[in-house]
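Q: Make a model of this:
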Amino acid sequence: MANNYYDGTGVLLLDTVTPVITALFDGYKLDPTYPGNGAAYVALIAEDNSPQWIDVRDGLEIVAKQHQLSLGDGEERSLTDLIELLATHFQTTQSSVLHDLLSNEELDNEPNLYSLFVIAQMLDDGHGLRAIEWQGCWHSSKPRLSEFGGDFFYNSRSLRLSGNSSTWLELARTLEAALLADELDDAARLITQSVGRVLAGVNDTAIRVELHERVCAMLHNSQH
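A: Below you'll find the predicted structure:
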């Protein structure tokens with residue numbers, strides 16, 4: 001029997017580590033001092049740490065108490081209620097993205113970095129979180145096929161990109177098959193879809209359209 005694992009490390013790019021950042025990312029082995037110069041270490045190590053939404057909720061409750069916000073009596077506040085309470089305190093405009101995220105998020109699963117980034121944008125207590133860079137890998141205790149690989153994740157206010165080695169291997173196989181069959185329309189479609197996925201990661205619609213036009217023009221000009 002083989003054991004499968006996933007490990008990853010990354011950095012938060014921000015102005016400073018604040019109580020909100022600690023509440024959100026402490027489950028990711030947050031180290032505010034390394035590597036420094038506007039970057040703080042985060043990690044997910046198999047059989048070592050396991051971020052939980054309940055810990056995020058508890059951390060945000062501590063932040064609310066530090067700001068002397070009323071939590072009410074009786075039943076404890078939900079994660080959504082705490083976020084809304086703190087967002088109002090920090091005078092942050094409520095985000096439809098945040099509400100959609102929380103309504104669709106399985107709160108009994110591990111909080112992912114994208115979800116935490118969105119919440120952090122609503123709760124800026126001076127942290128100035130600009131982006132998250134992440135690289136991870138999955139591996140097995142036995143050297144079996146398809147049990148090893150890597151992935152990356154980059155998320156900022158303007159761009160969101162992610163990918164993994166399995167996706168690129170599949171693209172290579174499919175593209176090779178199309179080339180060998182002289183199906184150049186299929187090959188071109190695959191390449192276009194890959195570029196389209198990168199463009200889709202640009203958050204601003206107007207900029208995305210402008211980039212699309214410029215990429216097309218550059219590809220056209222490169223043939224002359």
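Q: Please, where are all the helices along this structure?
A: All helices of the chain, identified by DSSP state H, fall at 19-25, 53-66, 79-89, 96-104, 113-122, 165-180, 184-200, 205-221.
Q: Let's have the ones you listed in JSON lines, adding mean neighbour count.
A: No exception for glycine: its C-beta is placed from N, CA and C like everyone else's. Putting the helices of the chain into JSON lines (neighbours: other Cβ atoms under 10 Å) gives the following:
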{"stretch": "helix 19-25", "mean neighbour count": "24"}
{"stretch": "helix 53-66", "mean neighbour count": "17"}
{"stretch": "helix 79-89", "mean neighbour count": "18"}
{"stretch": "helix 96-104", "mean neighbour count": "12"}
{"stretch": "helix 113-122", "mean neighbour count": "20"}
{"stretch": "helix 165-180", "mean neighbour count": "13"}
{"stretch": "helix 184-200", "mean neighbour count": "13"}
{"stretch": "helix 205-221", "mean neighbour count": "11"}
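Q: how about those helices in CSV, adding mean pLDDT and distance to A43?
A: Formatted as CSV, the helices of the chain follow (pLDDT from 0 to 100; distance: least, Cβ to Cβ, whole Å):
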stretch, mean pLDDT, distance to A43
helix 19-25, 98, 10
helix 53-66, 94, 16
helix 79-89, 89, 23
helix 96-104, 67, 23
helix 113-122, 93, 11
helix 165-180, 96, 20
helix 184-200, 96, 27
helix 205-221, 93, 32
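Q: P143 is nearest to which of the ones you listed?
A: Smallest distance to P143 across these (Cβ to Cβ): 15.8 Å, for helix 165-180.
Q: What residues are bridge-paired with the nearest residue to E47 once chain neighbours are set aside?
A: Spatial nearest neighbour of E47, excluding adjacent residues (Cβ to Cβ, 6 or more residues apart in numbering): Y5 at 7.5 Å. Here Y5 sits in beta bridges with H139, going by DSSP bridges.
Q: wait, what's in contact with Y5?
A: Contact analysis of Y5 by Cβ atoms under 8 Å, 6 or more residues apart in numbering lists A46, E47, W138, H139, S140, S141.
Q: And these, which is closest to L86?
A: A46 (31.8 Å).
Q: Tell me how many other residues surround the closest one.
A: 14 (other Cβ atoms under 10 Å).
Q: and it, backbone torsions?
A: phi -60, psi 140 (degrees, to the nearest 10).
Q: That one touches Y6, doesn't it?
A: Yes. Using Cβ atoms under 8 Å, A46 makes contact with Y6 at a distance of 6.0 Å.
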